[in-house]
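Visitor: no sequence on this one, just coordinates:
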Ligand SMILES: [Zn+2]
C-alpha cells in the first residue's frame with residue numbers, strides 16, 4: 001500500500017511536471033469509482049454533474065497531498081473558477097505521467113512502474129494539450145477519483161474519514177491527546193488507523209515502533225510519557241527519511257525485471273525478518289497481529 005512517503009514523493013514530482021498543463025480529455029473504464037461531482041448551481045440528477053465539456057481547458061495550478069489523497073488543483077483561465085480532482089491510490093494505485101520527453105511514476109510497485117502505459121491495470125487517463133497523459137492504474141480497483149468544487153467543506157466530505165491529522169503536521173500535544181482517547185487500542189493497529197493519523201500503514205508503523213522501542217501489540221494506554229515522545233519522534237523521523245530516499249516504490253529504483261519494486265534502504269524492521277537489529281543484533285522477527293504482519297526486535301521492543 002502506498003503510504004505517506006510514497007504519496008508525497010509522487011505528488012512533489014507531479015506538482016513540478018503538471019503545473020501549467022491544460023486539460024484536454026478524461027477517459028476511464030471505471031464508472032463505479034469515478035465521480036464527476038456536481039456543478040455548483042446545476043440541476044439535480046445526472047445532468048447536474050460535470051462532464052468533460054465543462055472541464056476541458058482548465059489549467060493545472062498545482063498538485064498537493066491531504067493525508068494519502070492526491071489533489072490536482074485546476075483553474076479556468078478566464079473565469080478563474082477552481083476545482084480539484086481528488087485521487088485516492090488506496091491499496092494498489094499508481095500514478096504515471098508520460099509525455100514525449102519525460103516519464104514519472106509512483107505509488108504501488110505492482111505491476112512494475114516501468115511497464116508501458118496504458119496497460120490492463122489502467123483505469124483513468126487524463127490527457128493534456130501538450131500531448132502528455134496522466135495514467136491512474138489500479139490492479140485491485142480499491143482506489144477512486146472524484147471531481148469536486150474547491151469549496152473546503154466539499155473536499156473534506158469527499159475525503160471523508162481518510163482525513164485524520166497529517167502525521168508530519170500534528171503537534172506533540174495533539175498526538176498525545178489522541179493517543180489517550182484511544183488508550184485501549186493496540187499501538188500498531190492504532191497507528192495504521194487512517195482516522196487516527198492519516199498516511200501510515202504497515203511499513204511506517206513498523207519503522208516508527210522500532211525507533212521508539214515499543215512492542216507493536218502494546219496498548220496505547222500502557223505507554224510511558226517518554227515512550228509517547230519517542231513514538232512521535234519515531235514517526236516523524238521514519239517518514240522524513242523515507243521521503244528523502246524517494247519512498248519505498250520510487251520508479252528510479254524498480255529494476256528492469258520489475259522484481260518486487262520495493263526499495264527499502266531506510267528500513268530498520270519492515271521486511272527485515274531474520275536480519276540483526278541495528279541496535280542490539282537480535283534477529284528481527286515477524287508476527288501476525290490483527291491480520292497484518294508486524295516486524296520488530298524481540299529484545300528492544302518488549303511486551304512487558
Ligand atoms: Zn534490538
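Guide: Here it is on my side, so go on. Keep in mind it's a predicted model, so treat the numbers as computed, not measured. Residues are numbered from 1 along each chain as shown.

Visitor: what's the weakest-modelled helix or strand in this structure?
Guide: helix 152-159 (a mean of 75; mean pLDDT, DSSP states H and E).

Visitor: So which residues make contact with that one?
Guide: 35, 66, 67, 69, 71, 84, 86, 146, 148, 163 (CB atoms under 8 Å, 6 or more residues apart in numbering). The C-beta positions use only the backbone N, C-alpha and C, and glycine is treated the same way.

Visitor: ok, so of those, who is nearest residue 267?
Guide: Nearest to residue 267 among those, counting by CB to CB, is residue 67 at 22.5 Å.

Visitor: Angles on the backbone of residue 98, please.
Guide: Residue 98 has phi and psi values of phi -140, psi 130 when expressed as degrees, to the nearest 10.

Visitor: got a list of what it touches?
Guide: 117, 132, 133, 135.

Visitor: show me what contacts residue 133?
Guide: By CB under 8 Å, 6+ apart, the contact set of residue 133 is 97, 98, 99, 117, 125, 126, 127.

Visitor: among these, who's most crowded?
Guide: Neighbours here mean other CB atoms under 10 Å. Within the contacts of residue 133, the largest count is held by residue 126, at 25 neighbours.

Visitor: Now do the SS call for that residue.
Guide: What DSSP: H, G, I helix; E, B strand; the rest coil gives for residue 126 is strand.

Visitor: Give me the residues contacting stretch 190-198.
Guide: With CB under 8 Å, 6+ apart, stretch 190-198 has contacts from 4, 66-68, 161-167, 170, 175, 178-179, 182, 185, 200-202, 204-205, 208-209, 220, 235, 292.

Visitor: just checking, which of these belong to helices?
Guide: Taking DSSP state H as the definition of helices, the contacts of stretch 190-198 contribute 4, 175, 178, 179, 202, 204, 205, 208, 209, 235.

Visitor: Mind splitting this structure into its structural domains?
Guide: Split into domains by automatic domain parsing, the chain comes to 4-162, 172-296.

Visitor: now these in TSV, with distance to the ion?
Guide: Compiled in TSV, the domains of the chain are given as follows (distance: least, CB to the ion, whole Å):
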stretch	distance to the ion
domain 4-162	23
domain 172-296	3
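
Visitor: Need the ones you listed in JSON lines (columns: distance to residue 303).
Guide: Output for these, formatted as JSON lines (distance: least, CB to CB, whole Å):
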{"stretch": "domain 4-162", "distance to residue 303": "27"}
{"stretch": "domain 172-296", "distance to residue 303": "5"}
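
Visitor: list the contacts for residue 239?
Guide: By CB under 8 Å, 6+ apart, the contact list for residue 239 reads 4, 5, 167, 168, 199, 200, 204.

Visitor: What of residue 234?
Guide: With CB under 8 Å, 6+ apart, residue 234 has these contacts: 207, 208, 209, 210, 211, 212.

Visitor: same thing with residue 58?
Guide: Listed by CB under 8 Å, 6+ apart, the contact partners of residue 58 are 22, 23, 74, 75, 76, 83.

Visitor: those strands in the stretch 101-250 of the chain, which residues are they?
Guide: Ranges of strands in the stretch 101-250 of the chain, per DSSP state E, counting those that start in this stretch, are 103-107, 122-128, 133-138, 144-147.

Visitor: How about the secondary structure of residue 61?
Guide: With three-state DSSP as the basis, residue 61 sits in strand.

Visitor: about what we covered before: and the least confident of the contacts of helix 152-159?
Guide: Ranked by pLDDT, the contacts of helix 152-159 bottom out at residue 163, which scores 72.

Visitor: list the contacts for the nearest residue to that one once chain neighbours are set aside?
Guide: Take residue 163 and drop its neighbours on the chain: the residue closest to it by CB to CB, 6 or more residues apart in numbering is residue 67, 5.7 Å away. For residue 67, the contacting residues are 4, 159, 162, 163, 164, 166, 194, 198, 199, by CB under 8 Å, 6+ apart.

Visitor: Quick check: pLDDT value at the residue sitting furthest away from the middle of the chain.
Guide: No residue in the chain sits farther from the centre than residue 43, which is 34.1 Å out by CA atoms, centre = their mean. On pLDDT, residue 43 comes in at 83.
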